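Colleague: here's my sequence, what's the structure:
(one chain, ligands or ions: 2)
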Amino acid sequence: MPPRPVELNVNGRAYTLQLEPRVTLLDALREYAGLMGTKKGCDRGQCGACTVIANGRRINSCLTLAVMHEGETITTVEGLASNGALSPLQRAFIEHDAFQCGYCTPGQLCSATALLQEFRNGTASVVTADVRQRPAKLSDDEIRERMSGNICRCGAYANIVAAIRAAHEGSGQNAGTAGADHSDHRDNHDNRDNA
Ligand code: FES
Ligand code: FES
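Modeller: Numbers count the residues shown, from 1 in each chain. Ligands and ions are numbered 1, 2, ... in the order given. Now for the predicted structure:
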C-alpha cells in the first residue's frame, strides 16, 4: 500500500510522517522522525532496546505499527529530560554507572520510567507477594522482575537495579515522570524534511 500521512505526537511535538502501513513505530521514530535515541537491537521483541512509552505504557516499538499509535502520546528517551535537565532517573543512571556501551540504555530508561509510575499506581508483578494488595515496597526482586524485558549485553544489571532503587527512594513523585511537558514546543514536521 502507498504511504499516507500518519500523525504522531512524540515528546510533545506533532509529526506528520508519510508512512506505509507496514512501517513499525520503531522505524517511524528512527528513520522518518529522525529520533535515533530509540535503539533497534533484535527487531523481534526480545531485547527491549526499542522500548518507548505510549499513553503511559511501555511498549516494544519494534513490535507495533506506527499507524496504530495515531493520537497517542509517545515518549522516547529524548523526551525524558525537561528543559535541558535530566530526569532524576537519568541522573541516577549516571551516578550509579548503570551502563557500559549504552546501547540498551534508552530502552532501560524508558522502561524504568514507566516502571516507577506503574509501582506508584499500585500495579502488581508476578513476584508481588499478594497481588490483591498494592505492593508494599519496590524491592530489588520487584525491580529485576519488572525490568526483565530489557536485556543488557554488557551485564550492567546490578548497577541498573541500584540506579532505579535510588531514583525510587530519593525522588518521591518525580523520579520517573513519563516524559517532560513539551506542550509549549508543538509544531508540525513532515518526514520528507527529515528523510
Ligand atoms: S528491538 Fe525491539 S525488542 Fe529488541
Ligand atoms: S550497557 Fe551495553 S548493552 Fe547494556
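
Colleague: residues contacting F119?
Modeller: Residues near F119 by Cβ atoms under 8 Å, 6 or more residues apart in numbering: 135, 138, 142, 146, 168. Bear in mind the C-beta positions are built from the backbone N, C-alpha and C, glycine included.

Colleague: tabulate those residues (JSON lines), appending pLDDT, neighbour count and distance to ligand 1.
Modeller: As requested, the contacts of F119 are exported to JSON lines (pLDDT from 0 to 100; neighbours: other Cβ atoms under 10 Å; distance: Cβ to the nearest ligand atom, whole Å):
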{"residue": "P135", "pLDDT": "83", "neighbour count": "19", "distance to ligand 1": "25"}
{"residue": "L138", "pLDDT": "95", "neighbour count": "19", "distance to ligand 1": "24"}
{"residue": "E142", "pLDDT": "96", "neighbour count": "23", "distance to ligand 1": "22"}
{"residue": "R146", "pLDDT": "97", "neighbour count": "25", "distance to ligand 1": "16"}
{"residue": "H168", "pLDDT": "96", "neighbour count": "23", "distance to ligand 1": "24"}
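
Colleague: identify, from these, the entry nearest to ligand 2.
Modeller: R146 (17.0 Å; Cβ to the nearest ligand atom).

Colleague: ok, that closest one to L80 distance?
Modeller: Per Cβ to Cβ, to the nearest Å, R146 is found 18 Å from L80.

Colleague: before we move on, what about L29?
Modeller: Plainly put, L29 is 14 Å away from L80 if you go by Cβ to Cβ.

Colleague: quick one: the helices in this protein, in order.
Modeller: Assignment of helices within the chain using DSSP state H yields the ranges 25-27, 88-95, 105-120, 140-146, 157-171, 191-194.
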